[in-house]
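[1] Got a predicted structure plus its sequence, pasted below:
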Amino acid sequence: MTAQTLKILPALIMTVALVGCSESQLRTVFEEPQFFDQPDTLGPTEWVDEFQQRTVPQSDILFVVDNSCSMSDEQELLASNFDAFIQSFVNTTLDYHIGVVEGDLTPNTPSNWGILREYQGERWIDPDTPNKIDAFNSMADVGDSGDGSCEMGLSASHAALTYQSGIGGPNEGFYREDALLSIIVVTDEPDRYSGGGPFDICGGMTPNEYIPWFLYDLKGPTGGDKLFFTGIIGDRPGGCETSDNSASEGEGYWDVIDNVGGNFLSICSQDWSTFLTELGLEAAGMKRTFYLRRIPKEGTLVVTIDDVVADPSTYAYDRITNSLTFPIEEIPPELSILKATYELVEDVGGSPPVE
């Protein structure tokens with residue numbers, strides 16, 4: 001190593017040391033991190049549940065039509081508005097069965113109850129039925145020759161979907177366990193089950209027997225979202241009356257409606273078309289109830305349908321079941337996207353209700 005090299009080397013060492021340990025680098029490596037004041041509690045969490053309005057492959061629809069002497073006008077209204085009902089699933093891929101049974105039953109002869117009416121040798125309407133409107137009009141024209149002593153729509157529908165639908169029964173093949181099921185009772189009288197008095201002769205099924213069968217036996221304990229019950233019946237309290245017709249309060253049917261979350265149309269209504277259109281949407285599988293995954297903080301829930309905020313008057317929130325329910329006239333459209341946005345109740349120390 002030359003003397004000149006020895007003179008230069010210390011300067012190079014000093015230069016490297018300055019570059020490798022510069023003031024800015026030291027601050028970057030050794031500077032203590034900054035700490036900020038934290039709030040006492042974290043802010044509320046915004047949660048979003050998203051649903052798509054469903055469609056289903058199969059649907060069974062059973063009409064129970066009272067055939068007592070006061071029902072001719074109502075049968076005509078039902079027949080004349082059937083096209084409003086069926087328009088929701090014609091020209092679709094839905095596999096549907098539509099059948100009709102009489103609601104005025106012969107006392108204590110259950111072997112004759114709940115047999116589907118025939119049209120040209122067929123007991124129900126399906127996508128292959130020609131002249132569907134004519135077929136339904138014929139089936140729904142149950143007449144008015146019933147004696148009016150045992151008008152029992154609950155017993156008629158139970159019979160139609162149980163022993164009359166069994167192997168070898170007249171209704172075999174109508175009821176399908178995996179399909180949606182809609183039961184629609186049309187009557188201007190209460191259900192005449194054996195509730196005492198002159199109707200002890202009827203031997204029918206009580207609402208207290210019918211409700212658990214409907215909710216838990218038909219589709220199993222978790223199949224409630226496949227079941228719909230509708231009463232086109234007399235108003236409560238006291239029934240209804242117009243210049244054209246009148247009806248007694250639909251006792252018995254109201255018990256079922258209240259306990260299963262069913263639908264109601266006053267049989268005294270003069271316009272059935274809108275209701276039957278909406279009922280057809282439901283029977284086609286359009287979902288009315290949507291279950292949230294978390295518990296919303298009160299007052300923070302916002303619902304949108306296809307990114308449009310829904311008016312809170314068009315749905316109801318049930319805290320016990322933690323669900324949103326829409327009346328049939330406000331059902332979200334087919335394949336629409338529903339979003340429920342809300343703050344979580346646990347962020348404010350709340351807890352789900354305990355029943």
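    Received, thanks. Residues are numbered from 1 along each chain as shown.
[2] Please count neighbours and contacts with C-alpha atoms only from this point.
    OK.
[3] hang on, S138 is in a strand, isn't it?
    No. Under DSSP: H, G, I helix; E, B strand; the rest coil, S138 sits outside any strand and is assigned helix.
[4] show me what contacts it?
    The contact partners of S138, by CA atoms under 8 Å, 6 or more residues apart in numbering, come to Y119.
[5] Need the pLDDT of it.
    For S138, the pLDDT comes out at 94.
[6] what do you get for G350?
    With respect to pLDDT, G350 has a value of 45.
[7] likewise G153?
    Turning to G153, the model gives it a pLDDT of 96.
[8] how near is it to A159?
    For G153, the distance to A159 (CA to CA, to the nearest Å) stands at 10 Å.
[9] between these two, which one's more packed in?
    Using other CA atoms under 10 Å, the more surrounded residue of G153 and A159 is G153, with 34 against 21.
[10] With adjacent residues omitted, what lies nearest to that one?
    Excluding its sequence neighbours, the residue lying closest to G153 (CA to CA, 6 or more residues apart in numbering) is G103, at 4.9 Å.
[11] From the contact counts, what lies against whichever strand or helix holds D73?
    Taking DSSP states H and E as the criterion, D73 maps to helix 72-80. Packing partners of helix 72-80 (3 or more CA pairs under 8 Å, 6 or more residues apart in numbering; DSSP states H and E): helix 132-140.
[12] can you do 10 Å?
    Helix 72-80 is packed against strand 58-65, helix 82-86, helix 132-140, strand 180-186, helix 273-283, with contacts defined by 3 or more CA pairs under 10 Å, 6 or more residues apart in numbering; DSSP states H and E.
[13] got these as TSV, with distance to A310 columns?
    What follows is the helices and strands packed on helix 72-80, written out as TSV (distance: least, CA to CA, whole Å):
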stretch	distance to A310
strand 58-65	28
helix 82-86	25
helix 132-140	35
strand 180-186	27
helix 273-283	18
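[14] ok, the residue nearest to G153 to G203 distance?
    Distance from G103 to G203, by CA to CA: 14 Å.
[15] which residues are common contacts for the two?
    Common contacts of G103 and G203, defined by CA atoms under 10 Å, 6 or more residues apart in numbering, comprise 150, 152, 155.
[16] Among G103 and G203, which residue is more densely surrounded?
    The neighbour comparison of G103 against G203 (other CA under 10 Å) goes to G103, with 29 against 19.
[17] wouldn't the more buried one be in contact with N112 here?
    No. Checked against CA atoms under 10 Å, the pair G103 and N112 is beyond contact range at 11.4 Å.
[18] joint contacts of the two?
    A156.
[19] Show me the shaky parts of the stretch 101-250 of the chain.
    Low-confidence segments of the stretch 101-250 of the chain (pLDDT under 70): 194-200.
[20] bridging residues for D49?
    A340 (DSSP bridges).
[21] That one: neighbour count?
    Under the neighbour criterion other CA under 10 Å, D49 is assigned a count of 15.
[22] Same question for the one 5 residues further on.
    Using other CA under 10 Å, R54 has 16 other residues around it.
[23] That one: which element?
    Using DSSP H and E, R54 sits within no helix or strand.
[24] Could you do F229 as well?
    Assigned by DSSP H and E, F229 falls in strand 227-233.
[25] which helices and strands sit right next to that strand?
    Secondary-structure packing of strand 227-233 (3+ CA pairs under 10 Å, 6+ apart): strand 58-65, strand 180-186, helix 253-260, strand 263-266, helix 273-283.
[26] quick one, which of these is nearest to G173?
    Closest to G173 of the helices and strands packed on strand 227-233 is strand 58-65 (CA to CA; 10.5 Å).
[27] Do me a favour and average the pLDDT over the closest one.
    Strand 58-65 comes out with an average pLDDT of 96.
[28] ok and it relative to strand 180-186, angle-wise?
    Computed by axes from the mean of the first three to the mean of the last three CA atoms, to 10 degrees, the angle separating strand 58-65 from strand 180-186 equals 10 degrees.
[29] for strand 58-65, packing partners?
    Applying 3+ CA pairs under 10 Å, 6+ apart, one finds that strand 58-65 contacts helix 72-80, strand 95-102, helix 132-140, helix 153-161, strand 180-186, strand 227-233, helix 273-283.
[30] what number of residues lie near G238?
    Neighbour count of G238, defined by other CA under 10 Å: 12.
[31] Let's verify it: helix, strand, or coil?
    coil.
[32] residues in contact with it?
    With contacts taken as CA under 10 Å, 6+ apart, G238 has the following neighbours: 247-251.
[33] Please flag which of these sit within helices.
    Counting by DSSP state H, those place none of their members in helices.
[34] want to try JSON lines for those residues, with distance to Y291 as columns?
    Listed next are the contacts of G238 as JSON lines, based on distance: CA to CA, whole Å:
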{"residue": "A247", "distance to Y291": "37"}
{"residue": "S248", "distance to Y291": "36"}
{"residue": "E249", "distance to Y291": "33"}
{"residue": "G250", "distance to Y291": "30"}
{"residue": "E251", "distance to Y291": "30"}
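[35] top of these by neighbour count?
    Neighbour max across the contacts of G238 (other CA under 10 Å) = G250, 24 neighbours.
[36] Please list all residues in contact with that one.
    Each residue near G250 by CA under 10 Å, 6+ apart is listed here: 187-191, 231-239, 266-267.
[37] Check P107 too.
    P107 makes contacts with 113, 149-152, 199-204, as judged by CA under 10 Å, 6+ apart.
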